[in-house]
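In: can you look at this prediction? I've put the sequence above it.
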Amino acid sequence: MGAEPALFAPSWLTYPQQPAHLLRSIWMPSFKRAESGELTVDGTPVSALVEEFQTPAYVFSEDTFRARATEFRSAFETAFAAHGAEVSVYYAGKSFLTTAVAKWAEDEGLYLDTASGGELALAQRAGVPGERIALHGNNKSVAEIRRALDYGVGRIVADSVPEVQIIASIAAEMGLVAPVMLRVTPGVHASTHDFIATAHEDQKFGQSMAAGTAPLAGLTVVELNELGITAEDAYATVAVALAHRSESIDLRGLHCHIGSQIFEADGFGAAAQKVLTYMQQLNERFGFVLPEIDLGGGYGIGYTEQDAPRGSAEIATELADMVSKTCANVGMAIPHLSFEPGRSISGPSGITLYTVGTIKNVAIEDENGDTRVRRYVSVDGGMSDNPRPVLYESDYAVTLANREPAGEQILSRVVGKHCESGDIVIRYCYLPADLAAGDILAVPGTGAYNHVMSSNYNYLTRPPVIATSGAKAPRAIVRRETEEDMLARDLGLV
Ligand SMILES: *Cc1c(COP(=O)(O)O)cnc(C)c1O
């Protein structure tokens with residue numbers, strides 16, 4: 001991402017003067033070093049976790065997850081209450097979801113976002129009530145929509161005109177009224193990796209609010225006329241008119257989500273301003289009052305020392321001020337607000353433990369033609385348990401976990417065991433010179449978009465998820481995949 005990475009070390013990576021120190025922008029308070037220098041998670045030393053559960057393993061702090069869920073919920077509630085507005089906070093389940101996690105989120109007063117029939121099935125198995133669930137996705141199948149309506153989900157977020165039509169017809173056929181939000185594209189390009197920015201115009205999510213895009217909706221001129229839509233209108237206005245006219249849709253409001261791993265406040269504020277302004281135009285035009293707006297998630301977390309994540313209170317206060325100002329400017333009462341943090345709750349709650357295997361020094365030539373050495377440290381997982389470095393060139397930090405990382409530190413690259421040279425876990429980091437096979441490494445910030453994106457590439461079995469809490473002994477909430485599990489779908493010579 002951005003500038004060409006440095007051959008040896010990027011400018012943001014500093015030589016650790018105190019290698020045992022855990023930066024609190026990356027490591028939550030559940031992660032501490034014991035007197036011995038060993039890393040502990042909610043009081044349990046990693047050596048005990050490794051002895052019981054082996055590596056690679058995701059270790060997920062229930063205490064941190066619950067604390068962050070409550071912290072985000074109350075930050076948004078408090079900030080908006082100051083303006084007399086009400087808020088629902090949804091946990092974006094796609095970032096990390098197991099039945100236990102779904103229950104923890106519910107316990108902490110959060111609603112749950114799902115993005116597929118499978119995520120919905122998991123929420124159902126966890127016993128999350130339908131009215132506390134929203135269904136997202138840009139290509140929901142008929143079966144997914146039917147399942148959502150059958151289970152009585154609280155919101156279906158429609159992403160296109162054809163989807164509004166399909167939801168309306170399935171709901172009518174089932175004799176139900178579907179509670180629908182319409183996802184719009186505010187045309188804001190968030191400063192994050194292109195693959196996780198979702199509000200600029202040229203991508204698959206949402207419906208354009210830009211004037212003149214109505215003809216793209218695929219309706220005939222006669223159909224548009226019947227809806228009172230002209231060629232100057234926006235694509236999203238077509239969806240609004242269709243949903244408004246349908247007796248099987250209860251149009252609740254608008255939704256936008258500008259992307260993920262975003263640090264700057266401006267993007268969120270600009271998007272909120274655009275969507276609220278458009279919403280007021282709709283209210284005037286259609287003579288209704290859309291009661292809700294969902295402003296999505298996307299709050300960035302600390303992965304490495306270069307990240308400075310903002311606190312939930314700061315984010316919530318800025319957004320509340322912006323929303324209240326915009327509503328006052330356009331002459332609209334503040335609607336009910338929803339937010340959908342995912343990564344910012346789950347990400348910092350989880351780490352991955354790996355065992356060091358082969359260590360290899362590789363001679364490389366620098367820009368002056370001089371030979372230098374790069375140390376490659378191989379671990380027992382890689383792109384199958386964390387595909388983010390391959391997908392987004394994501395940077396991670398790492399620390400030696402089973403003992404104190406003392407003495408000289410050497411610039412290293414931590415790599416996985418897959419048959420790809422791009423299978424990098426940490427591109428640049430410092431690790432102790434005396435690092436040896438059998439040492440345990442801990443990678444922070446892997447609670448989001450790791451377990452849920454894991455694969456069986458090279459037929460590696462997927463790691464377990466070990467939950468920790470100060471109140472309970474560590475336990476697996478997802479067990480390690482066995483070779484039996486992995487091979488079960490191979491039907492042989494049929
Ligand atoms: C992914 C997603 C989120 C959560 O994003 P984070 O970056 O994990 O906070 C919220 N809402 C929608 C619609 C999403 O697709």
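Out: Okay, I see it. Note that the coordinates shown come from a computational prediction; the quantities given were computed from them, not determined experimentally.

In: identify the residues contacting the nearest residue to S160 once chain neighbours are set aside.
Out: Leaving aside its chain neighbours, S160 sits nearest to Q207 (6.3 Å; criterion: C-beta to C-beta, 6 or more residues apart in numbering). The way it works is simple: take the backbone N, C-alpha and C, and place the C-beta from them, glycine included. Each residue near Q207 by C-beta atoms under 8 Å, 6 or more residues apart in numbering is listed here: 159-161, 182-185, 234-236, 239.

In: flag the least confident of those residues.
Out: Least confident of those in the model: T185, at 94.

In: which one's the longest helix in this protein?
Out: The longest helix of the chain (DSSP state H) is helix 265-286.

In: what packs against it?
Out: helix 235-245, strand 249-255, strand 292-294, helix 312-330 (3 or more C-beta pairs under 8 Å, 6 or more residues apart in numbering; DSSP states H and E).

In: these: which one's closest to D107?
Out: helix 312-330 (18.2 Å; C-beta to C-beta).

In: may I have the closest one as PDB, with CA atoms only?
Out: Provided in PDB are the C-alpha atoms of helix 312-330 (Å, rounded to 0.1, in the frame of the first residue of the first chain):
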ATOM      1  CA  SER A 312     -14.800   5.100  20.800                       C
ATOM      2  CA  ALA A 313     -15.900   8.200  22.800                       C
ATOM      3  CA  GLU A 314     -14.000  10.500  20.400                       C
ATOM      4  CA  ILE A 315     -15.500   8.900  17.300                       C
ATOM      5  CA  ALA A 316     -19.000   8.900  18.700                       C
ATOM      6  CA  THR A 317     -18.800  12.500  19.900                       C
ATOM      7  CA  GLU A 318     -17.600  13.800  16.500                       C
ATOM      8  CA  LEU A 319     -20.300  11.800  14.600                       C
ATOM      9  CA  ALA A 320     -23.000  13.000  17.000                       C
ATOM     10  CA  ASP A 321     -22.000  16.600  16.500                       C
ATOM     11  CA  MET A 322     -21.900  16.200  12.800                       C
ATOM     12  CA  VAL A 323     -25.300  14.400  12.600                       C
ATOM     13  CA  SER A 324     -26.900  16.900  14.800                       C
ATOM     14  CA  LYS A 325     -25.500  19.900  12.900                       C
ATOM     15  CA  THR A 326     -26.500  18.500   9.500                       C
ATOM     16  CA  CYS A 327     -30.000  17.700  10.700                       C
ATOM     17  CA  ALA A 328     -30.400  21.200  12.000                       C
ATOM     18  CA  ASN A 329     -29.100  22.700   8.700                       C
ATOM     19  CA  VAL A 330     -31.500  20.700   6.600                       C
END
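
In: and the next helix or strand past the host helix or strand of V101?
Out: Using DSSP states H and E, V101 falls within helix 99-107. Counting by DSSP H and E, the element after helix 99-107 in chain order, helix or strand, is strand 111-114.

In: ok, that next one: who's next to it in the sheet?
Out: According to DSSP bridges, strand 111-114 forms sheet pairs with strand 87-92 (parallel), strand 133-135 (parallel).

In: who does the next helix or strand after the shortest one touch, helix- and strand-wise?
Out: Okay, so that is strand 133-135. On the C-terminal side of strand 133-135, the closest following helix or strand by DSSP H and E is helix 142-151. Counting contacts by 3+ C-beta pairs under 8 Å, 6+ apart, helix 142-151 packs against helix 117-126, strand 133-135, strand 155-158, helix 161-174.

In: 7 Å instead, please
Out: In terms of contacts (3 or more C-beta pairs under 7 Å, 6 or more residues apart in numbering; DSSP states H and E), helix 142-151 is packed against helix 117-126, helix 161-174.

In: and that helix, which residues are buried?
Out: 144-149, 151 (16 or more other C-beta atoms under 10 Å).

In: check stretch 11-27 too.
Out: 13, 16, 19, 22, 26-27.

In: please apply the same query to stretch 292-312.
Out: Judged by neighbour count (16+ other C-beta under 10 Å), stretch 292-312 contains these buried residues: 292-304, 307, 309, 312.

In: just stretch 114-125 next, same as before
Out: 114-117, 119-120, 122-124.

In: if we can go back for a sec, out of the buried residues of stretch 292-312, who's near the ligand?
Out: Among the buried residues of stretch 292-312, the residues within reach of the ligand (C-beta under 6 Å from any ligand atom) are 296-299.

In: measure stretch 255-262 end to end?
Out: This stretch, stretch 255-262, spans 18 Å end to end (C-alpha to C-alpha, to the nearest Å).

In: with stretch 230-237 instead?
Out: 10 Å.

In: so what touches that stretch?
Out: 182, 184, 207-217, 229 (C-beta atoms under 7 Å, 6 or more residues apart in numbering).

In: out of those, which end up buried?
Out: Applying 16+ other C-beta under 10 Å to the contacts of stretch 230-237 flags 182, 184, 207-209, 213-215, 217, 229 as buried.

In: next, format the residues you listed as CSV and append secondary structure.
Out: Shown next, in CSV, are those (DSSP: H, G, I helix; E, B strand; the rest coil):
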residue, secondary structure
L182, strand
V184, strand
Q207, strand
S208, strand
M209, coil
T213, coil
A214, helix
P215, helix
A217, helix
I229, coil
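
In: among those, give me the pair with the biggest separation.
Out: L182 and P215 (18.2 Å).

In: got the phi/psi numbers for the residue of the stretch 301-450 of the chain found nearest the ligand?
Out: Relative to the ligand, the nearest point of the stretch 301-450 of the chain is G342 (2.7 Å; C-beta to the nearest ligand atom). Main-chain dihedrals, G342, degrees, to the nearest 10: phi -120, psi -80.

In: and the one 4 residues further on, by the same measure?
Out: Its backbone dihedrals place S346 at phi -80, psi -40, with angles given as degrees, to the nearest 10.

In: who touches it in this structure?
Out: By C-beta under 7 Å, 6+ apart, the residues touching S346 are 65, 95-96, 447-448.
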